[in-house]
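Asks: only geometry, no sequence info:
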């Protein structure tokens, strides 16, 4: 998921440099959303992994 966030961030930067402000804003918005969703999923999985590891051992 973070890979897609980086791809959309690059698209947004290129579109912004070329003057496509609407497309750049949309791509950067998608990049931000994907980054935060990926980060939340990673944190939730980390917490689940820590709690399950304590119960297994």
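Replies: Thanks, I have it. Remember, it's a predicted structure, so these values are computed and weren't measured experimentally.

Asks: residue nearest the centroid of this structure?
Replies: In the chain, the C-alpha closest to the average C-alpha coordinate belongs to residue 35, at a distance of 1.5 Å (Cα atoms, centre = their mean).

Asks: where does pLDDT dip in the chain?
Replies: 1, 57 (pLDDT under 70).

Asks: strands along that one, start to end?
Replies: Remark: no strands are assigned in the chain by DSSP state E.

Asks: which parts of it are helices?
Replies: Secondary structure of the chain (DSSP state H): helices at 2-18, 21-56.

Asks: return the most buried member of those helices.
Replies: Highest mean neighbour count of the helices of the chain: helix 2-18, a mean of 15 (counted as mean count of other Cβ atoms under 10 Å). Any C-beta I mention is one placed from the backbone N, CA and C, and that applies to glycine too.

Asks: could you find the closest non-adjacent residue to the residue nearest to the centre of the chain?
Replies: Excluding the flanking residues, the one nearest residue 35 by Cβ to Cβ, 6 or more residues apart in numbering is residue 5, at 4.2 Å.

Asks: what sits against the one you found?
Replies: 30, 31, 32, 34, 35, 38 (Cβ atoms under 8 Å, 6 or more residues apart in numbering).

Asks: for residue 18, see how far away the residue nearest to the centre of the chain is.
Replies: 23 Å (Cβ to Cβ, to the nearest Å).

Asks: tell me the phi and psi of residue 19?
Replies: phi 100, psi 10 (degrees, to the nearest 10).

Asks: without its sequence neighbours, what residue ends up closest to residue 4?
Replies: Distances taken as Cβ to Cβ, 6+ apart place residue 34 nearest to residue 4, at 5.3 Å, with adjacent residues excluded.

Asks: roughly how far apart are the one you found and residue 56?
Replies: As judged by Cβ to Cβ, residue 34 and residue 56 stand 32 Å apart.

Asks: also residue 11?
Replies: On the measure of Cβ to Cβ, residue 11 and residue 56 end up 42 Å apart.

Asks: then residue 10?
Replies: When distance is defined by Cβ to Cβ, residue 10 is 41 Å away from residue 56.
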